[in-house]
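In: Got a predicted structure plus its sequence, pasted below:
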Amino acid sequence: MQIKRSTTTTMPSPTSPPVQNDADYFDFRAMERVPESHEWTGPQEYEHPVVAGHELEQDVVPVVDMRDDDDDAVAAAAARAAEEWGAFLLVGHGVPGELLARVEDQAARLFALPVTDKARAARRPGGGGSGYGVPQYLLRYPKRMWAEGYTFPAAAIRSEFRRVWPDAGDDYISFCAAMDEFHVELRALGRKLLAMFFQALGLAAAGGDDDDTERKILDTLTATMHLNMYPKCPDPERAVGLAAHTDSGFFTFIMQSPVPGLQLLRRRPSERWVTVPGVAGALVVVVGDLFHVLTNGRFHSVLHRAVVNRERDRISLPYFLGPPPHMKVAPLAAAVAPGRKAEYRAVTWPEYMTMREATFGTSLSALTLIRVAPEEET
Ligand SMILES: C=C1C[C@]23C[C@@]1(O)CC[C@H]2[C@@]12CCC[C@@](C)(C(=O)O1)[C@H]2[C@@H]3C(=O)O
Ligand SMILES: O=C(O)CCC(=O)C(=O)O
Ligand SMILES: [Fe+2]
């Protein structure tokens, strides 16, 4: 899908979001063909070529190995990948492979429950966006995606999943144990990676206000978890797993099945989708819009999407890290090059999400909505 980065700062006129309905809770496994509600026939979805991610050196997704003894070199490699790609594969991160396999298995068990059990935990108005079903932003698209989703705050796993398993039996216990352990590991890893990013940006040495901001950001990082299940599809060329988007927070760790499906949009020398290989035990790191803002555009929030396939179900678990809801995010002073201005206005995560909602399904990039127009620069 081509999403043009518009240079306009005009806010699209807000319209009330479409609502989820019973059609969003159908059983993908019972589908022998892609129904019209899920059929993406426009050529725009397949406008750019797809490359495998290893044929040419320029298409090899960067791999950052945290086992390297030289911390500065690891931080520099992560920052370089965040600048050039906006994403990379992270290995040697210390999260046990056994835990990653268990988390995937538990997610698969959740999605294998009867539709009626999952629908009990459906997203509801006023529910803070948690629950089973389509994230509200994705309801903006005219077509539904070939995926099931479940969103929940990492801090409320046990209460959230009592909605699925009211009896709190063995299935509930093993599911929550795996998600809790994953959260503990990923929260620690998130702090480590953030500290590395700051180190690479030269913030540790910068002194002054940025040091304070860095500490506040590290101390208040907020995590949201989301489970994606992309069932195998009878006609993958006519369906979309997850439409092209950027993540909105600071950065996302994605745990994915070793079934490829995630693709990154590379722009130079020409636009193409690069498939991220399914490397067992690796986590994918994706830079989000608010980190793009924080670094004044130095780290780049990358457009990515998920495609589906005919043979195998695919599961991914993005762990979204961002600021707490009240925190205003603006370019860090040390990230603004001498003689340059901050290119983005300060914004909180919920403010940005509200603005961004109206851009889903349009060709407008939401970052342009908070971009300081050249005439506003003093
Ligand atoms: C923390 C979040 C990131 C997310 C919005 C959310 O509040 C919870 C769902 C997340 C998700 C998952 C699918 C793609 C995405 C763009 C969406 O519509 O919902 C992301 C959101 C995001 O990164 O902005
Ligand atoms: O399924 C994937 O690999 C990508 C998921 C994703 O980008 C998201 O949920 O925001
Ligand atoms: Fe994403």
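Out: Sure thing, it's come through. Ligands and ions are numbered 1, 2, ... in the order given.
In: Please report how far the residue nearest to M353 when sequence neighbours are not counted lies from ligand 2.
Out: Leaving aside its sequence neighbours, M353 sits nearest to S248 (C-beta to C-beta, 6 or more residues apart in numbering; 5.9 Å). Quick note: C-beta positions are derived from backbone N, CA and C, even for glycine. For S248, the distance to ligand 2 equals 9 Å [C-beta to the nearest ligand atom, to the nearest Å].
In: Start at 324, not 1
Out: Understood, numbering begins at 324; the last thing we discussed is S571.
In: residues touching S571, list them.
Out: Contact analysis of S571 by C-beta atoms under 8 Å, 6 or more residues apart in numbering lists G611, D612, L613, G645, W672, Y675, M676, R679, A689.
In: Confirm T474 sits in a strand?
Out: Yes: membership of T474 in a strand is supported by DSSP: H, G, I helix; E, B strand; the rest coil.
In: That one reaches T547, doesn't it?
Out: Yes: look at T474 against T547 with C-beta atoms under 8 Å: they come within range, at 6.6 Å.
In: circling back to that earlier point, with pLDDT, secondary structure and neighbour count as extra columns, can I get the contacts of S571 in TSV?
Out: Putting the contacts of S571 into TSV (pLDDT from 0 to 100; DSSP: H, G, I helix; E, B strand; the rest coil; neighbours: other C-beta atoms under 10 Å) gives the following:
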residue	pLDDT	secondary structure	neighbour count
G611	98	coil	23
D612	98	helix	26
L613	98	helix	26
G645	98	strand	27
W672	97	helix	24
Y675	97	helix	22
M676	94	helix	19
R679	92	helix	20
A689	92	helix	23
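In: what about the spatially closest residue to A665 that is not a sequence neighbour, neighbour count?
Out: With C-beta to C-beta, 6+ apart as the criterion, A665 has its nearest non-adjacent residue at 4.1 Å, and that residue is P654. Number of residues near P654 (other C-beta atoms under 10 Å) recorded here: 22.
In: Just the pLDDT for the residue nearest to M676.
Out: Listed pLDDT for S571 reads 97.
In: quick one, what contacts the residue nearest to the spatial centre of the chain?
Out: For the chain, the residue sitting closest to the mean C-alpha position, by C-alpha atoms, centre = their mean, is D570 at 4.4 Å. Neighbouring residues of D570 by C-beta under 8 Å, 6+ apart: V609, V610, G611, D612, S624, P641, F643.
In: Restrict those to those that also contact ligand 2, please.
Out: Residues of the contacts of D570 in contact with ligand 2 (C-beta under 6 Å from any ligand atom): P641.
In: okay, T474 and T547: which has more neighbours?
Out: The residue with more neighbours, out of T474 and T547, is T474; 23 against 20, by other C-beta under 10 Å.
In: Kindly state the beta-bridge partners for the more buried one.
Out: G454, H549 (DSSP bridges).
In: what distance separates the lowest-mean-pLDDT helix or strand in the chain from the centre of its chain?
Out: Least confident helix or strand, the chain: strand 373-374 with a mean of 76, by mean pLDDT, DSSP states H and E. Counting by C-alpha atoms, centre = their mean, to the nearest Å, strand 373-374 is centred 21 Å from the centre of its parent chain.
In: go on, stretch 679-687?
Out: On C-alpha atoms, centre = their mean, the centre of stretch 679-687 falls 16 Å from the chain's centre.
In: Run a quick neighbour tally on A479.
Out: Neighbour tally, A479, other C-beta under 10 Å: 12.
In: Just give the nearest non-adjacent residue to it, would you?
Out: S453 (7.4 Å).
In: which ones are touching the one you found?
Out: Shown in contact with S453 (C-beta under 8 Å, 6+ apart): R446, T474, F475, P476, A479, E483.
In: Could you export those residues as CSV, including pLDDT and distance to ligand 1?
Out: CSV is the format used below for the contacts of S453 (pLDDT from 0 to 100; distance: C-beta to the nearest ligand atom, whole Å):
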residue, pLDDT, distance to ligand 1
R446, 91, 10
T474, 97, 5
F475, 97, 9
P476, 96, 9
A479, 96, 13
E483, 97, 13
